[in-house]
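>>> structure, please.
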Amino acid sequence: MQQSYRTVDIERRGYGRRYSMLPVDDLQREGFSIDFTGAYMRPEMIDIQPGDIVRWREGERQLQGQVAEVRREADALHVRVEDTVPLPPEAFYP
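Numbers count the residues shown, from 1 in each chain. Here you go, the predicted model:
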(Lines give C-alpha, C1' and ligand atoms only; values in the text may rest on other atoms or scores of the structure.)
Protein backbone atom coordinates (compact mmCIF):
# COMPACT_ATOMS: atom_id res chain seq x y z
CA MET A 1 0.00 0.00 0.00
CA GLN A 2 1.36 3.41 -0.98
CA GLN A 3 1.26 6.07 1.73
CA SER A 4 0.64 9.66 0.70
CA TYR A 5 3.03 12.45 1.59
CA ARG A 6 0.98 15.04 3.46
CA THR A 7 2.20 18.60 3.96
CA VAL A 8 0.85 21.97 5.07
CA ASP A 9 1.87 25.56 4.43
CA ILE A 10 1.77 27.99 7.37
CA GLU A 11 1.47 31.74 6.92
CA ARG A 12 1.39 34.43 9.59
CA ARG A 13 -0.40 37.72 8.93
CA GLY A 14 2.01 40.62 9.00
CA TYR A 15 4.98 38.25 8.72
CA GLY A 16 4.52 36.05 5.69
CA ARG A 17 5.20 32.39 5.02
CA ARG A 18 6.48 30.49 8.07
CA TYR A 19 6.62 26.98 6.58
CA SER A 20 6.26 25.59 3.08
CA MET A 21 5.44 21.91 2.68
CA LEU A 22 5.81 21.10 6.40
CA PRO A 23 5.40 17.29 6.62
CA VAL A 24 2.61 16.09 8.91
CA ASP A 25 1.64 12.61 10.09
CA ASP A 26 -2.11 13.11 10.46
CA LEU A 27 -4.12 15.69 8.48
CA GLN A 28 -7.85 16.32 8.68
CA ARG A 29 -10.09 19.36 8.19
CA GLU A 30 -10.16 19.77 11.98
CA GLY A 31 -6.37 19.92 12.32
CA PHE A 32 -3.09 18.06 12.04
CA SER A 33 -0.46 16.30 14.13
CA ILE A 34 3.27 15.70 13.81
CA ASP A 35 4.94 12.76 15.57
CA PHE A 36 8.52 13.55 16.64
CA THR A 37 9.33 10.12 18.10
CA GLY A 38 12.99 9.37 17.39
CA ALA A 39 13.53 12.67 15.56
CA TYR A 40 16.11 15.39 16.19
CA MET A 41 13.42 18.08 15.84
CA ARG A 42 11.22 18.68 18.88
CA PRO A 43 7.67 20.10 19.03
CA GLU A 44 8.87 23.34 20.66
CA MET A 45 11.12 24.02 17.63
CA ILE A 46 8.09 24.47 15.35
CA ASP A 47 6.73 28.04 15.47
CA ILE A 48 3.00 27.75 14.90
CA GLN A 49 0.64 30.05 16.80
CA PRO A 50 -3.12 30.58 17.04
CA GLY A 51 -4.21 32.91 14.25
CA ASP A 52 -1.76 31.50 11.69
CA ILE A 53 -3.24 30.53 8.31
CA VAL A 54 -2.91 26.89 7.21
CA ARG A 55 -3.23 25.70 3.60
CA TRP A 56 -3.11 22.16 2.26
CA ARG A 57 -4.31 19.99 -0.59
CA GLU A 58 -7.06 17.43 -0.30
CA GLY A 59 -7.01 15.62 -3.61
CA GLU A 60 -7.29 18.28 -6.31
CA ARG A 61 -8.81 20.82 -3.93
CA GLN A 62 -6.87 23.37 -1.89
CA LEU A 63 -8.18 24.13 1.62
CA GLN A 64 -7.47 26.96 4.03
CA GLY A 65 -8.13 27.29 7.74
CA GLN A 66 -7.00 29.23 10.77
CA VAL A 67 -5.02 27.79 13.67
CA ALA A 68 -7.26 27.81 16.75
CA GLU A 69 -5.10 25.90 19.23
CA VAL A 70 -1.58 24.49 19.43
CA ARG A 71 -0.78 21.71 21.91
CA ARG A 72 2.74 20.39 22.42
CA GLU A 73 3.59 17.08 24.07
CA ALA A 74 7.03 15.53 24.64
CA ASP A 75 7.02 13.81 21.22
CA ALA A 76 4.08 15.35 19.37
CA LEU A 77 2.58 18.58 18.09
CA HIS A 78 -1.21 18.84 17.72
CA VAL A 79 -2.81 21.77 15.91
CA ARG A 80 -6.55 22.39 15.87
CA VAL A 81 -7.81 24.27 12.81
CA GLU A 82 -11.11 26.12 12.46
CA ASP A 83 -12.99 28.01 9.75
CA THR A 84 -11.73 25.60 7.08
CA VAL A 85 -12.95 26.51 3.60
CA PRO A 86 -12.12 25.28 0.10
CA LEU A 87 -10.26 27.84 -1.99
CA PRO A 88 -11.40 28.65 -5.51
CA PRO A 89 -9.69 26.61 -8.24
CA GLU A 90 -7.89 29.71 -9.55
CA ALA A 91 -6.33 30.46 -6.14
CA PHE A 92 -2.53 30.50 -6.32
CA TYR A 93 -0.16 30.59 -3.37
CA PRO A 94 3.45 29.92 -4.41
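
>>> for the strand or helix carrying Y19, name the packing helices and strands.
Using DSSP states H and E, the element containing Y19 is strand 16-23. Identification of packing neighbours for strand 16-23 by 3 or more Cβ pairs under 8 Å, 6 or more residues apart in numbering; DSSP states H and E yields strand 7-12. From N, CA and C alone the C-beta is placed, and that goes for glycine too.

>>> okay, angle between the strand holding Y19 and strand 7-12 too, please.
Between strand 16-23 and strand 7-12, the angle comes out at 160 degrees (axes from the mean of the first three to the mean of the last three Cα atoms, to 10 degrees).

>>> beta partners for L63?
W56, P86 (DSSP bridges).

>>> test my guess that it contacts P86.
Yes - using Cβ atoms under 8 Å, L63 makes contact with P86 at a distance of 5.7 Å.

>>> picking that back up, show the average pLDDT along the strand holding Y19.
Strand 16-23 shows a mean pLDDT of 94.

>>> neighbouring contacts of the helix or strand just after it?
Following strand 16-23 in sequence order, the next helix or strand is strand 26-28 (DSSP H and E). With contact meaning Cβ atoms under 8 Å, 6 or more residues apart in numbering, strand 26-28 is reached by 6, 8, 32-33, 56.

>>> state the mean pLDDT of strand 26-28.
95.

>>> before we move on, back to that, ok, L63 and P86, which is more surrounded?
It is L63, of L63 and P86, that has more neighbours when counted by other Cβ atoms under 10 Å, with 18 against 12.
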